[in-house]
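Visitor: Prediction below, plus the sequence it came from.
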Amino acid sequence: MELHDLRPDPGSRKKRKRVGRGISAGQGKTAGRGTKGQGARSGGGKGVYFEGGQLPLARRLPYKRGFTNTRKIYYKTINIGRLAHLEAGTQVDPEFLVGLGFIKRPSDPFVILGDGKLDVPLTVKAHRFSASAKSSIEAVGGSAEIIPLR
């Protein structure tokens, strides 16, 4: 047996319909296209945009400029003022923030911003820090570690 000898099992595949092969074949003469008209011509038929003369849906909708970047990363924002009530030496990481209800899932990217006043040293692990937040955390003896995004 050679590669060119391979065939599907008899009856497992339906034969394609050969149209326009005489009236005894069942699809002769007009070959299932009816008689005359746009649909009977080669290349005939209406385009996908055509809606019978009605203004097409694509033209009825308002024109929207620009595009939506599907790869944009949306960071949840957390200000250091919201972390001021924590005890000194607390390790603030994604799991801890989920427990506090600041973010929904540990995998959600979040950024620490510098709004508010921080008096206690904390170890903060976040995906991003603003410059003012990082300096505020380090000014009171804490540390700011960046978690790489997946």
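Guide: Nice, I can see it.

Visitor: Return the residue of this structure that is most distant from the centre.
Guide: With distances taken as Cα atoms, centre = their mean, the residue sitting farthest from the centre of the chain turns out to be residue 24, at 53.6 Å.

Visitor: contacting residues around the lengthiest helix in the chain?
Guide: Ranked by residue count under DSSP state H, the longest helix found in the chain is helix 131-139. Residues outside helix 131-139 that contact it (Cβ atoms under 8 Å, 6 or more residues apart in numbering): 79, 80, 112, 113, 114, 117, 118, 122, 124, 129, 143, 144. Where you see a C-beta, it was placed from the backbone N, CA and C, and this is true even at glycine.

Visitor: How much space separates the closest residue to the first one other than its chain neighbours from residue 75?
Guide: Nearest non-adjacent residue to residue 79, counting by Cβ to Cβ, 6 or more residues apart in numbering: residue 115, 4.0 Å away. According to Cβ to Cβ, to the nearest Å, residue 115 and residue 75 sit 15 Å apart.

Visitor: again with residue 89
Guide: Residue 89 sits at a distance of 26 Å from residue 75 (criterion: Cβ to Cβ).

Visitor: Name the residue in the two with the higher neighbour count.
Guide: In terms of neighbours (other Cβ atoms under 10 Å), residue 75 is the more surrounded of residue 89 and residue 75; the figures are 15 against 11.

Visitor: Look at the nearest residue to the more buried one once chain neighbours are set aside and say how many residues are nearby.
Guide: Counting by Cβ to Cβ, 6+ apart, residue 75 lies nearest to residue 111, which is 4.2 Å off, once chain neighbours are set aside. Applying other Cβ under 10 Å, we find 16 residues neighbouring residue 111.

Visitor: what about the strand or helix carrying residue 111, average pLDDT?
Guide: Under DSSP states H and E, the secondary-structure element containing residue 111 is strand 110-113. When the per-residue pLDDT values of strand 110-113 are averaged, the result is 97.

Visitor: Report the distance from it to the chain centre.
Guide: Relative to its chain's centre, strand 110-113 lies at 24 Å (Cα atoms, centre = their mean, to the nearest Å).

Visitor: Noted, bye for now.
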